[in-house]
Every structure is written in C-alpha cells, then in structure tokens.
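Participant: next input, structure requested:
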Amino acid sequence: MTGGKPDASDRGQPNSGNRPPSVDRLARSIASSGLPHTLCVEVAREAIDSQQIDIVDQLARIRLRQLLTPVINATGTLLHTNLGRAPVSIRSQATFANVELDLATGARGSRQRTIGDIAATACGAEAALVVNNCASALMLVLAGLASGRGAAVSRGELVEIGGAFRVPDVMKQSGAQLVEVGTTNRTRLSDFASAFRVADIAVVLSVHQSNYKISGFTEQTSVTDLATLGVPVIADIGSGLLDSGCPWLDGPPPAWLAEEPAARQTLEAGADLVLFSGDKLLGGPQAGIIAGRRDLVEQCGRHPLARALRPGGLVIEALQQTLLAYLERDHEAIPFWKMANESQPSVRNRAQAVADSINRTNETGDPAHPMVKVVDTDSVPGGGTLPGRTIASAGIAVARDITEQLRNWDVPIVARVQDGRTICDLRTVDPSQEPDLIDALDAALHP
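Facilitator: Next up, the predicted model:
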C-alpha cells in the first residue's frame, strides 16, 4: 500500500486469520475523519480492543459527533437546554481585551465594573454583579447576606431547578439556614411574620416557579408585601425578562409573556435584589445576574465566592453585546427575540418554500401525495421557562420518523416526532440554515 485509506484486508479482519493492524496504521486510515491524530489513535485502539476494525470509520464519526459542534434546532423549542439554550454569537477576533484594565488610568480594573453598570442600566437597578449562572447567583447572595442566619422561603417555592439541583441544596452550600414558611399551595404574609418570632431571619427569598405551576386552592405573598418585613427581599425571577413592557420590540409585549416577572418591575415592587439567568429570556450566554441595591451588590462582591464564581472574558463579551442590543432597542440583534418575534405567517411562508423545494424532487410527481406537508405547530419558550405557554408557529411534516437520519447529517439537525411524524418547526431554524435542512430532508427521503 502506498498511501490513502486501507481496505479491509489492509486493516486486518479479526476473523480472517490475519493479525490486526498496528494502532498507528489504523489511526492513519481514519486521518480524514477530522479528528486530531491523538484521538484517531484512541479510536484505533478502541476498534482493535473491541474487534470492530471493520467499522473503525463509524467509530471515528461517532467520536467526532461527541465534540461540541453546531446543530440546527428544528424542534420548535426556542431555549433548548440540550442545545445550549439561547443561541449567542461572539463577534470578535483573537485579541487581548481590557477585561481587568482601566484604560483611563492604566491601573488594574474590575471585570465587573463595566458589565455590571450596563446590566444595572438595562434593568433599572443601582448596581449589578455577574456570575456564571443563576444557581451561583443564589448561592453567592445567600453566602454574602445570610451565612449562619436564616433565609425564609415559602414551601411552595423550594423547587428543583434542573439537573437534580434543588433550592434547599444550594442554600445549604451557602451557609444560610433554610427557614420554610407556609404550605406548598398557600403562603401568607402572616406566615413569614411568624417565622421572625422563632428564627434569626437575615433575608426573605422569593423564588419564581418558572418550570411548573400550582393551580387550584393557592395563595402567594407578593414581593410588595414581603418588602414590609424589614429585611432584604431577594427575588429569584429565574428566566431573565428585563422589562415586562418589552421596549426593545416594535409592538406590544407578546401574549405568551403574560404574568412573567421582569427584573425592572420586580425591583420597583420592592425587591432589594433580583437574580436571573443570562441564557433564557435575556437571550445571552450562560450567566447569572445579581441586580439591585448597590450596598447589597457590593457586599456580595466582597465575598470570597465572588472570585470563584466570576465569568470569563468571552462570557462578559457576549453578555455585553446582548445588553447593548437591549439598550439600543434592537431585538433583531438578539437571536432569541428575533425567533420569538417572527409572525406565524412569516414562518409559514418559509415552511412552504422549504416544502415546495423538496416536493419538486418527488419521483412520482403526484401533487396529491407530497413528500412533506406544511403544518401549523406550537413552539415553546423552553429552558424551564413559561410552562404551558406556546407560540403559534409552522413547520413541515414527514409521514415517518427520520430524526436519526437528520441527526447524522453533515450539520446535525434536531427535530421532533409527533404522532409518528417527523416535525421540523421553522421558527427555530434560521433562514440561513434552510439550504442544509432541504438537503438533509432530500437525502433522508431519497436514500
């Protein structure tokens, strides 16, 4: 053999009586897979050890697909946790940045100062602090303001926030003492007042039930009422809506946002601090934002955990781009809001164009039996936000399950199966991705 990809006899089949090839030889045979040589060697060893030399190419492809790679989200879930929630673009070159440098004085600066000021302005707060996610924000605030003392919270708000992380567990790690108040479905102001008579309460915590709803015989205590208790009120609003009026949109707030708590209005209602995620309704990178009273924000910033939980420069840059788009009232620059704000007729028109392109390749040429059909769909916000809320959308339907073929396309496409049909919701597909979607569907329907 003089080069190139060896055939099966060159690789040595385990059942052929030949000795298996060397690891290096087999690794070189999959050099074109896109994996670096070191990983090709690992795949080659795996193939030899498991006697799967004949499918080493497939093993290499599987390993390649385990790496982080762009995918096309055709599920209709705008904030898909498995796909990184809000899509974010970082528009920068490989260069240094003034992450912790004060350009005016030349002295060391704070990575929190500028991004904190922008975040505070965006939600109407005195100050803000950024950490790496909302669970970190909660832990830092409780550690900074209530370590060794009580934090009162309604039993109906002791939620699990995903990945088996629960509010009581986060509180325990902070050093604060959990003081449960009221019942699962009904908690009154008098319940909180009673807790003050039996425990040393440092803060009151209000946690938004962002990923579930309790209905029926229920009662909750408002932030405004909690503010009368005389200790800081910490409102974990979770999803990251900045302003209920959505001034960055051209029209009124969308109906699916009804009753969703917003940072600006929660602070105006009396909360001393609000906590929220960066990668949900805010539409930015994974981050946790603490915003509100300057003295409390600064107290949290002085806690040793603040350094351990601080974000890196890339997160700060991406979050800055997102927040500046809000201040410029440019929702088109925030991919989440661009997706969410597109009208259903517009999405349907795009779905029709995709369907027409695919159906033109229908071998039967029978317009009465198109290969794909345009269907109305319901997109969902996702990411543990707004449970039960839907956004009218449109997509294309294939009469059978082809999701595996779509995932195995050059640019993986993630769709959903409903009633035995594959549904590709176009709301979460960027128009620039439609050619890839068409090619993938053509290949799946014309094997």
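
Participant: ok, Leu64 - contacts?
Facilitator: For Leu64, the contact set (CB atoms under 8 Å, 6 or more residues apart in numbering) comprises 33-35. C-beta: built from backbone N, CA, C; applies to glycine.

Participant: could you list the domains of this structure?
Facilitator: Domain segmentation of the chain under automatic domain parsing yields 21-65, 72-86+339-445, 111-330.

Participant: can you give me the end-to-end span of the shortest one?
Facilitator: Start and end residues of domain 21-65 are separated by 25 Å (CA to CA, to the nearest Å).

Participant: quick one, strands of the protein?
Facilitator: Per DSSP state E, the chain carries strands over the ranges 72-73, 77-79, 127-131, 150-154, 177-181, 201-207, 233-238, 273-277, 288-292, 372-382, 391-398, 413-414, 416-418, 421-425.

Participant: quick one: Ala146 and Ser174 touch, right?
Facilitator: Yes. The criterion here is CB atoms under 8 Å, and Ala146 meets it with Ser174 at 7.3 Å.

Participant: which of these two has more neighbours?
Facilitator: Legend: neighbour count by other CB atoms under 10 Å for Ala146 and Ser174, higher for Ala146 (26 against 22).

Participant: what sits against the more buried one?
Facilitator: By CB under 8 Å, 6+ apart, the contact list for Ala146 reads 174-177, 202-203.

Participant: pull out the buried residues from stretch 242-256.
Facilitator: Residues of stretch 242-256 classed as buried: 242-244, 246, 248, 253, 256 (neighbour count, 16 or more other CB atoms under 10 Å).

Participant: please enumerate the helices of the stretch 201-350 of the chain.
Facilitator: 223-226, 263-268, 294-301, 305-308, 313-327, 335-341, 344-359 (DSSP state H, counting those that start in this stretch).

Participant: can you lay out those helices as JSON lines showing mean neighbour count, mean pLDDT and distance to Thr428?
Facilitator: Below are those laid out as JSON lines (neighbours: other CB atoms under 10 Å; pLDDT from 0 to 100; distance: least, CB to CB, whole Å):
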{"stretch": "helix 223-226", "mean neighbour count": "19", "mean pLDDT": "94", "distance to Thr428": "33"}
{"stretch": "helix 263-268", "mean neighbour count": "22", "mean pLDDT": "97", "distance to Thr428": "25"}
{"stretch": "helix 294-301", "mean neighbour count": "18", "mean pLDDT": "97", "distance to Thr428": "35"}
{"stretch": "helix 305-308", "mean neighbour count": "14", "mean pLDDT": "95", "distance to Thr428": "35"}
{"stretch": "helix 313-327", "mean neighbour count": "19", "mean pLDDT": "95", "distance to Thr428": "18"}
{"stretch": "helix 335-341", "mean neighbour count": "21", "mean pLDDT": "96", "distance to Thr428": "6"}
{"stretch": "helix 344-359", "mean neighbour count": "18", "mean pLDDT": "95", "distance to Thr428": "10"}
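
Participant: which one of the ones you listed lies closest to Leu78?
Facilitator: Smallest distance to Leu78 across those (CB to CB): 5.6 Å, for helix 335-341.

Participant: who touches the closest one?
Facilitator: Everything outside helix 335-341 that qualifies as a contact, by CB under 8 Å, 6+ apart, is 78-79, 86-89, 248-249, 254, 281, 283, 331-332, 381, 391, 427-428, 430.

Participant: what subset of the contacts of Leu64 is buried?
Facilitator: Using 16+ other CB under 10 Å, the buried ones in those are 33, 35.

Participant: any chance of the contacts of Leu64 in a markdown table, plus pLDDT?
Facilitator: Putting these into a markdown table (pLDDT from 0 to 100) gives the following:
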| residue | pLDDT |
| --- | --- |
| Ser33 | 93 |
| Gly34 | 92 |
| Leu35 | 95 |
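
Participant: ok, of the contacts of Leu64, which one's closest to Pro412?
Facilitator: For these, the nearest to Pro412 is Gly34 (13.8 Å; CB to CB).

Participant: now do the nearest residue to the closest one once chain neighbours are set aside against Cys40, distance only.
Facilitator: Leaving out its chain neighbours, the residue that sits closest to Gly34 by CB to CB, 6 or more residues apart in numbering is Leu64, at 5.5 Å. Separation of Leu64 from Cys40 (CB to CB, to the nearest Å) stands at 10 Å.

Participant: shared neighbours, those two?
Facilitator: Contacts common to Leu64 and Cys40, judged by CB under 8 Å, 6+ apart, are Ser33.

Participant: list the contacts for Leu327?
Facilitator: So Leu327 contacts 118, 121-122 (CB under 8 Å, 6+ apart).

Participant: try Glu332
Facilitator: Taking CB under 8 Å, 6+ apart, we find Glu332 in contact with Lys338.

Participant: tell me the pLDDT at it?
Facilitator: At Glu332, the pLDDT value in this model is 94.

Participant: and Pro367, by the same measure?
Facilitator: Per-residue confidence (pLDDT) for Pro367: 56.

Participant: pLDDT below threshold where in the stretch 101-250 of the chain?
Facilitator: 160-165, 210-218 (pLDDT under 70).

Participant: give me phi/psi at the residue most central in space within the chain?
Facilitator: Centroid check for the chain by CA atoms, centre = their mean gives Arg85 as the closest residue, at 2.0 Å. Dihedral pair for Arg85: phi 60, psi -130, per degrees, to the nearest 10.

Participant: give me the pLDDT for the nearest residue to it once chain neighbours are set aside.
Facilitator: Spatial nearest neighbour of Arg85, chain neighbours left out: Asp279 (4.1 Å); criterion: CB to CB, 6+ apart. As predicted, Asp279 sits at a pLDDT of 96.
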